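# sequence unavailable; structure follows:
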Ligand SMILES: O=C(O)CCC(=O)C(=O)O
Ligand SMILES: [Fe+2]
């Protein structure tokens, strides 16, 4: 448990609990979604988990994969997919490149291994409850059209990924590319999430606050505890198995695996972020 605390954010902030809802219907859901504040819903994800486990069975045992740790990248490891799964406990996952000259943490805290449809064909059919095909990112009909002539299907990066994560894996603070909203489905295990509203971007830009090399705040730097941040609200919560979190556009998020597990993430473009998304997609952005 000592480990666990050292991996949590150190802001001296006002803590808000991310609300958890039982959604009754589509209208109910969109009521929560329109508020553009984070929320978690309970939803039975056992069929999603089953499909992923079937895909895993079908993956060639010798498939090589690479994992990175989260920002700042210190190491890249390469190994076999099945060794990674055993780790998410195996010693066989070899460090192949130390990107920075820093000491390697004994605990394997790599960013959750993210995999796309080429290894996990079942995710091609995963839809967000209550949104389903309403997510523009699942449609490509509108690209190359008179409506959006500057966007072609190739401009749209994969809107979804499967994450297989060890305990204590971390996605360091960032907000997502191109003003997309995000959803993370927790299929197995649990993750702690800490979010900061875009309204507080200015506040956490205080020059005393330690930053990561990507320019975002270093949420776990122990110096934070001594800095004044009583005006800052951090929205915190845990997503458990059979829950989905919705993260509105430009909300900074920090995600820590509390156990090993599996999650699925889908980016979202709906009416309330379509214009900002389409405007930013033609500019090369440096967000993750
Ligand atoms: O589940 C996680 O680790 C967060 C993933 C994430 O934020 C992202 O892919 O943009
Ligand atoms: Fe993200």
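Looks like it came in fine. All figures in this text were calculated on a predicted structure; none of them were measured in a lab. Numbers count the residues shown, from 1 in each chain. Ligands and ions are numbered 1, 2, ... in the order given.

# could I get the full set of helices for the stretch 1-150 of the chain?
2-6, 26-34, 46-58, 81-87 (DSSP state H, counting those that start in this stretch).

# close to ligand 1: what parts of the stretch 101-250 of the chain are there?
112, 163, 171, 176, 184 (C-beta under 6 Å from any ligand atom). To be clear about C-beta, it is placed using only N, CA and C from the backbone, and glycine gets the same treatment.

# ok, and the most crowded of those?
Highest neighbour count within those: residue 112, with 25 neighbours (other C-beta atoms under 10 Å).

# on that earlier part again, list just the nearest of the residues of the stretch 101-250 of the chain next to ligand 1 to ligand 1.
residue 171 (3.4 Å; C-beta to the nearest ligand atom).

# could you identify which of the helices of the stretch 1-150 of the chain is most buried?
Highest mean neighbour count of these: helix 81-87, a mean of 19 (counted as mean count of other C-beta atoms under 10 Å).

# the helix or strand where residue 192 lies pairs with which strands?
Per DSSP states H and E: residue 192 is located in strand 191-196. Using DSSP bridges, the strands paired with strand 191-196 in its sheet are strand 233-239 (antiparallel), strand 252-257 (antiparallel).

# ok, and what's touching that strand?
8-9, 18, 38, 165, 173, 184, 204, 217, 219, 232-239, 245, 247, 251-258, 261, 263 (C-beta atoms under 8 Å, 6 or more residues apart in numbering).

# I'd say residue 266 and residue 129 touch.
No - the pair residue 266 / residue 129 is not scored as a contact, 10.8 Å apart, by C-beta atoms under 8 Å.

# who has more neighbours, those two?
residue 266 (23 against 15).

# pLDDT at the residue nearest to that one when sequence neighbours are not counted, what is it?
Using C-beta to C-beta, 6 or more residues apart in numbering and skipping residues adjacent in sequence, the residue nearest residue 266 is residue 160, 4.3 Å away. pLDDT for residue 160: 89.

# tell me the spacing between residue 160 and residue 229.
Distance of residue 160 to residue 229, computed by C-beta to C-beta, to the nearest Å: 34 Å.

# go on, residue 201?
Distance from residue 201 to residue 229, by C-beta to C-beta: 13 Å.

# residue 155 against residue 280, yeah?
No - Residue 155 lies out of contact with residue 280 (C-beta under 8 Å); the separation is 10.9 Å.

# more crowded one of the two?
Using other C-beta under 10 Å, the more surrounded residue of residue 155 and residue 280 is residue 280, with 17 against 14.

# please tell me the pLDDT value assigned to residue 101.
On the pLDDT scale, residue 101 is placed at 61.

# now the one 5 residues further on
At residue 106 the predicted local confidence, pLDDT, stands at 57.

# again with residue 147
61.

# then the one 3 residues further on?
According to the prediction, residue 150 has pLDDT 70.
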